[in-house]
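Undergrad: the following comprises the amino acid sequence and a computationally predicted model.
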Amino acid sequence: MDTTQKRKKLFSAIQPSGMPTLGNYLGALKNWSKMCNEFDSAFAVADLHAITVRQEPAKLRRQTLEMYALLLAVGLDPKENIIFVQSQVPQHSQLSWILNCYTQFGEMSRMTQFKDKSATHADNINVGLFAYPALMAADILLYQADFVPVGVDQKQHLELTRDVATRFNGLYGNTFTVPEPYIGKQGAKIMSLQEPERKMSKSDANVKSYVSILDTPDVIMKKFKSAVTDSQACVSYGEGKDGVNNLMGIYSCCTGLDYETIQRDFEGKGYGDFKVAVAESVIAELAPVQEKYAQLMADKAYLNQCANDGAKQASAIAQRTLTKAMKKVGFYQGK
Ligand code: TRP
């Protein structure tokens, strides 16, 4: 790599809404830990986003620290990257207010996630839930991010971020980098082990349908053994084989093997053997993460120190962008 060139910037965030699944790990977190060396990266635990649905305070606090520890456990290095808790960096709330005033009610109303969440939280359709994408835009724009790794469900929010940034730049001159989505090569979408046409989700009522990052080896093995497949008894990728396709995707992510090789290795073998192999690859993949996580959670003082340092670093960068935006808008500078 040409080290004389400035490295591109990367930003992403994850909500502290409980222990992520294998799907979140393979689809997002694992990729972050691979990408973070290539970019100037900042990662946040998005607790401001989390309160758009009602949270139990003690649980939110605990889950925020757990998510922070997990980011370190998957391999993000607080010495190389900025890793912080969103609510510890007040500039996010401040810029988000400004961006609210440059986002149209109409364009916000088109956000499909808002429509979906209004349906599932019909008793609490608050203004924060509606304005959530402007906060997400603030997260990204404060760090002048060039790339934002996101899943498909967040792509519309990123489009809005680009629109708002472009609008603001058009009005006041260049202020924000207009970010691009970063869709990882291994963007494998991991599906439910029980209903493989649906995405793997920790909010699934059937715990057998998902693997949590902290599941023990026994539990992981049991869940894969009871994974839904089909009646063909042939380890190959194809139409109408959602269950097996999903297992192949997981196995490929964990072993680095391509589908052809997997198919060849399991020729003439049944699904039973394959499921055990997939489970073993997942157990091996998660073992170092689980070990590191346990170590970190046993040292809260270290975690607190990392989070406080991360917030300081984030805040210094964020303030530069915020000050710029405040000047452009015409806020009084005290002089
Ligand atoms: N809204 C994202 C989610 O729920 C989390 C998030 C918050 C985020 N701010 C962000 C993702 C900025 C990317 C960039 O998954």
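TA: It's in. Residues are numbered from 1 along each chain as shown.

Undergrad: need the phi and psi values for the residue of the stretch 151-300 of the chain at minimum distance from the ligand.
TA: Residue of the stretch 151-300 of the chain nearest the ligand, by Cβ to the nearest ligand atom: residue 154 (5.3 Å). C-beta coordinates here come from the backbone N, C-alpha and C atoms, glycine included. Dihedral angles of residue 154 (phi, psi; degrees, to the nearest 10) stand at phi -110, psi 0.

Undergrad: pretty sure residue 64 contacts residue 14?
TA: No: the pair residue 64 / residue 14 is not scored as a contact, 10.7 Å apart, by Cβ atoms under 8 Å.

Undergrad: common neighbours of those two, please.
TA: residue 45 (Cβ atoms under 8 Å, 6 or more residues apart in numbering).

Undergrad: from the ligand, how far out is residue 19?
TA: Separation of residue 19 from the ligand (Cβ to the nearest ligand atom, to the nearest Å): 15 Å.

Undergrad: elements contacting the longest helix seen in the chain?
TA: Longest helix in the chain, counting residues (DSSP state H): helix 300-329. In terms of contacts (3 or more Cβ pairs under 8 Å, 6 or more residues apart in numbering; DSSP states H and E), helix 300-329 is packed against strand 40-45, helix 57-73, strand 82-85, helix 91-100, helix 127-142, helix 155-172, helix 271-297.

Undergrad: same list (the ones you listed) but as CSV, adding distance to residue 114 and mean neighbour count.
TA: Below are the helices and strands packed on helix 300-329 laid out as CSV (distance: least, Cβ to Cβ, whole Å; neighbours: other Cβ atoms under 10 Å):
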stretch, distance to residue 114, mean neighbour count
strand 40-45, 21, 26
helix 57-73, 21, 18
strand 82-85, 24, 24
helix 91-100, 14, 20
helix 127-142, 6, 22
helix 155-172, 10, 18
helix 271-297, 33, 18
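
Undergrad: include mean pLDDT when you put these into TSV, please.
TA: Converted to TSV, the helices and strands packed on helix 300-329 look like this (pLDDT from 0 to 100):
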stretch	mean pLDDT
strand 40-45	97
helix 57-73	98
strand 82-85	98
helix 91-100	98
helix 127-142	98
helix 155-172	97
helix 271-297	98
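
Undergrad: residue 334: which of those is closest?
TA: helix 91-100 (15.7 Å; Cβ to Cβ).

Undergrad: list the buried ones in the helix or strand just after that closest one?
TA: Later in the chain than helix 91-100, the nearest helix or strand by DSSP states H and E is helix 105-109. For helix 105-109, the buried set under the neighbour-count rule, 16 or more other Cβ atoms under 10 Å, comprises residue 108.

Undergrad: from the middle of its chain, how far away would stretch 228-237 be?
TA: Centre-to-centre, stretch 228-237 and its host chain are 31 Å apart (Cα atoms, centre = their mean, to the nearest Å).

Undergrad: tell me the domain boundaries of the protein?
TA: Domain segmentation of the chain under automatic domain parsing yields 9-187+300-329, 207-294.

Undergrad: that older thread, turn the helices and strands packed on helix 300-329 into JSON lines, columns for distance to residue 253.
TA: Listed next are the helices and strands packed on helix 300-329 as JSON lines, based on distance: least, Cβ to Cβ, whole Å:
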{"stretch": "strand 40-45", "distance to residue 253": "20"}
{"stretch": "helix 57-73", "distance to residue 253": "18"}
{"stretch": "strand 82-85", "distance to residue 253": "23"}
{"stretch": "helix 91-100", "distance to residue 253": "32"}
{"stretch": "helix 127-142", "distance to residue 253": "26"}
{"stretch": "helix 155-172", "distance to residue 253": "21"}
{"stretch": "helix 271-297", "distance to residue 253": "8"}
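
Undergrad: now for the residue nearest to residue 270 when sequence neighbours are not counted, how many residues are close by?
TA: Excluding the flanking residues, the one nearest residue 270 by Cβ to Cβ, 6 or more residues apart in numbering is residue 233, at 5.7 Å. Applying other Cβ atoms under 10 Å, we find 12 residues neighbouring residue 233.

Undergrad: which residues does stretch 242-258 contact?
TA: Here stretch 242-258 makes contact (Cβ under 8 Å, 6+ apart) with 22, 26, 30, 186, 188-191, 193, 196-197, 224, 227-230, 232, 235-238, 259, 262, 265, 271, 274-275, 277-278, 281-282, 284-285.
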